[in-house]
Structures are given as structure tokens and as C-alpha cells.
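Asks: output the structure for:
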Amino acid sequence: MANTPQVARKRPAAGTAGAPRKAPGRTKADRLHVTALARGLQILRCFSHERPELLPQEIVRMTGLPQPTVWRLCHTLSTEGFLICPGDGTRMSLGLPALALGYSALVRQALPKVALPYMEQFTARHRMGMSLGIRDGLDMLYLQRTHGDFVYLNDPVGARRPFATAPTGWACYAAYGEDERKAVRKTLKQRDPSGWAKTEAQLAGADEDFRRHGCVLSLGAMHSQMNAIAVPIRSLKSDKVYALSASGLATVWPRKKLLAVGTEIIALARDLAVAAD
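Replies: Just a heads-up that it's a prediction; the model follows:
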């Protein structure tokens with residue numbers, strides 16, 4: 001592959017922390033599943049807003065795939081234009097065909113477009129940043145964003161946050177059925193065994209919040225100076241679950257004040273459900 005950087009021959013242990021994972025729930029006996037294609041997609045999912053360029057060694061570490069496999073898949077993806085090697089050629093990034101796929105997926109969804117003016121109005125009234133997200137593996141992918149006064153975590157559309165700590169992730173979990181909850185818990189525990197006890201307690205707390213208030217609260221979980229409130233949005237057309245959150249400075253938005261705007265966010269989520277795919 002022209003200009004593709006060499007990959008270190010050291011093979012990492014499978015299950016390395018930070019690796020993109022398959023979606024929970026796929027059975028091992030799925031005869032229609034094409035492993036080579038899934039591995040290629042796994043490599044593409046390593047790239048994100050936070051990681052626009054990666055060394056081959058980083059891809060090996062993140063995926064847990066053997067070095068020769070990563071080399072062959074990167075060669076194929078580069079040949080097809082899905083990966084490029086900009087600059088000095090030591091790193092790889094997504095090519096235009098991959099970006100076109102992401103753009104077509106985003107513009108196809110009505111919900112982010114419908115939600116934006118309502119999110120902007122909410123932000124203008126309360127000075128809180130809002131996020132509309134959906135789970136992708138063990139990340140929450142932002143489909144829409146507005147920016148409030150708390151600028152530290154003002155991520156753009158397309159950014160990702162870990163499902164285990166994102167308020168939108170907790171809201172999605174609260175709306176999942178038991179089978180999906182079990183699958184997510186199992187994968188989260190496998191990803192981070194040492195941190196599972198804390199994650200489990202946080203998910204249980206979010207579930208209790210949702211049962212009592214119809215929303216979930218995040219008090220300093222993502223950042224010590226940020227509090228947030230989040231609600232799920234369940235599609236009326238499918239079983240897909242999105243989540244909508246609002247966040248602000250912890251000193252300005254304590255628990256009681258968050259709950260005071262909770263009814264407004266719950267009502268907005270209910271209205272937006274008609275636009276969810």
C-alpha cells in the first residue's frame with residue numbers, strides 16, 4: 001500500500017481498553033456475519049473527532065487484531081480510498097468515501113434537524129448546552145449540539161463520549177429493555193472490570209432517578225464543575241433510543257434547579273419522538 005506506514009509486529013492482547021467493540025447482542029452462531037467486513041469496519045470506527053489521525057500501532061492496540069490482519073485491512077481500505085496517509089505518511093486518517101458515508105447517514109435522520117431549533121431556544125432561555133445523542137457501541141455519538149455557558153465540554157456534532165459516564169448514555173440505559181440492559185452491562189464490565197462497581201452504581205442511580213422523576217441527573221460525573229439532566233427519546237417507528245441532555249455549571253445548576261427544568265426537557269423529548277427514525 002503506497003505510503004502506508006509500517007505496523008509494529010507486536011500483537012496486543014485482545015480486549016485492550018479503548019478498543020472499538022462490536023455491538024452487544026450479536027450471537028456467535030450468526031452465519032450471515034462476514035468477519036472480514038466487520039474487522040474493516042472496526043478499524044474505521046477507531047477514528048473519531050478526538051482521534052482524526054492514528055498510527056498503525058494505535059489501530060492494532062485499539063482493535064486487538066493481529067498486526068498482519070490490520071496491515072491487510074488498511075491496505076484494502078487505502079486502495080478503496082477509505083483511508084489516506086496525509087502529511088509525512090506516518091499516520092492514517094479517513095478518506096472522503098468514509099466521510100461521505102457519515103454525512104449521508106447524518107443528513108438522512110430527521111431528528112437532529114427537527115430538534116435543533118428547539119435546542120437553540122432552550123439554550124437561549126437557560127444558557128445550558130444541549131446534546132442529542134445515540135449509542136454506538138460503548139460510546140454516545142452526538143448527532144446535534146448547542147453550546148451554553150460551560151465551555152469546557154462543548155463538543156461538536158460527531159464527537160463521542162463514553163456511554164458509562166455520559167448523561168445521555170445513562171438516559172438511554174434507563175429506557176432500554178432488560179435484554180439490552182444485560183448486554184450493555186456485560187460489555188461494560190468486560191471493557192473495564194476494575195471500574196465496573198462504580199459504573200454499576202451510577203447506572204442504578206440513573207435508573208432510580210428515571211423511575212422517580214422521568215429523567216436522569218449527572219452531578220459532577222463527567223466534570224467536577226458540570227451538572228446535567230438527560231431524558232431518553234424512544235422512536236415511535238422502531239425500538240431505537242436516543243437521548244437529550246442539558247448541562248451547565250454545577251454552581252449554577254444544583255440538583256433542585258435541574259429538576260425544575262426537567263419537565264420542560266421531558267416534554268420536549270416527548271414531542272421529538274415523532275421525528276425519531
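
Asks: so where's the stretch 51-200 of the chain uncertain?
Replies: Scanning the stretch 51-200 of the chain for pLDDT under 70 picks out the ranges 103-109, 150-154.

Asks: can you show me the helices along it?
Replies: 56-63, 67-79, 96-108, 110-126, 167-175, 178-191, 196-213 (DSSP state H, counting those that start in this stretch).

Asks: turn these into CSV, including mean neighbour count and distance to residue 39.
Replies: The way it works is simple: take the backbone N, C-alpha and C, and place the C-beta from them, glycine included. Putting these into CSV (neighbours: other Cβ atoms under 10 Å; distance: least, Cβ to Cβ, whole Å) gives the following:
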stretch, mean neighbour count, distance to residue 39
helix 56-63, 22, 7
helix 67-79, 18, 6
helix 96-108, 12, 15
helix 110-126, 16, 29
helix 167-175, 27, 25
helix 178-191, 16, 18
helix 196-213, 15, 27
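
Asks: the ones you listed into a markdown table, with extra columns for distance to residue 141?
Replies: Conversion of the helices of the stretch 51-200 of the chain to a markdown table gives the following (distance: least, Cβ to Cβ, whole Å):
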| stretch | distance to residue 141 |
| --- | --- |
| helix 56-63 | 17 |
| helix 67-79 | 21 |
| helix 96-108 | 10 |
| helix 110-126 | 11 |
| helix 167-175 | 9 |
| helix 178-191 | 15 |
| helix 196-213 | 19 |
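
Asks: of the ones you listed, which is nearest residue 40?
Replies: helix 67-79 (5.0 Å; Cβ to Cβ).

Asks: the closest one packs against which elements?
Replies: Packing contacts for helix 67-79, counted by 3 or more Cβ pairs under 8 Å, 6 or more residues apart in numbering; DSSP states H and E, involve helix 35-44, helix 56-63, strand 83-84.

Asks: residue 183: which of the ones you listed is closest?
Replies: helix 35-44 (17.0 Å).

Asks: can you lay out the helices and strands packed on helix 67-79 as JSON lines showing distance to residue 162?
Replies: Formatted as JSON lines, the helices and strands packed on helix 67-79 follow (distance: least, Cβ to Cβ, whole Å):
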{"stretch": "helix 35-44", "distance to residue 162": "18"}
{"stretch": "helix 56-63", "distance to residue 162": "14"}
{"stretch": "strand 83-84", "distance to residue 162": "25"}
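
Asks: looking at these, which is nearest to residue 73?
Replies: Per Cβ to Cβ, nearest to residue 73 of these: helix 35-44, 5.0 Å.

Asks: which residues are in contact with the closest one?
Replies: The contact list for helix 35-44 (Cβ atoms under 8 Å, 6 or more residues apart in numbering) reads 20, 22, 59, 63, 65, 69-70, 73-74, 76-77, 82-83, 94, 98.

Asks: got it, and stretch 116-132?
Replies: 111-112, 115, 142-150, 153-155, 167-168, 233, 242-248, 253, 261, 264-265, 268, 271-272.

Asks: now do that stretch: distance to the chain's middle.
Replies: Taking Cα atoms, centre = their mean, to the nearest Å, one finds the center of stretch 116-132 at 20 Å from the center of the full chain.

Asks: could you do stretch 188-196 as well?
Replies: Distance, centroid of stretch 188-196 to centroid of chain: 17 Å (Cα atoms, centre = their mean).
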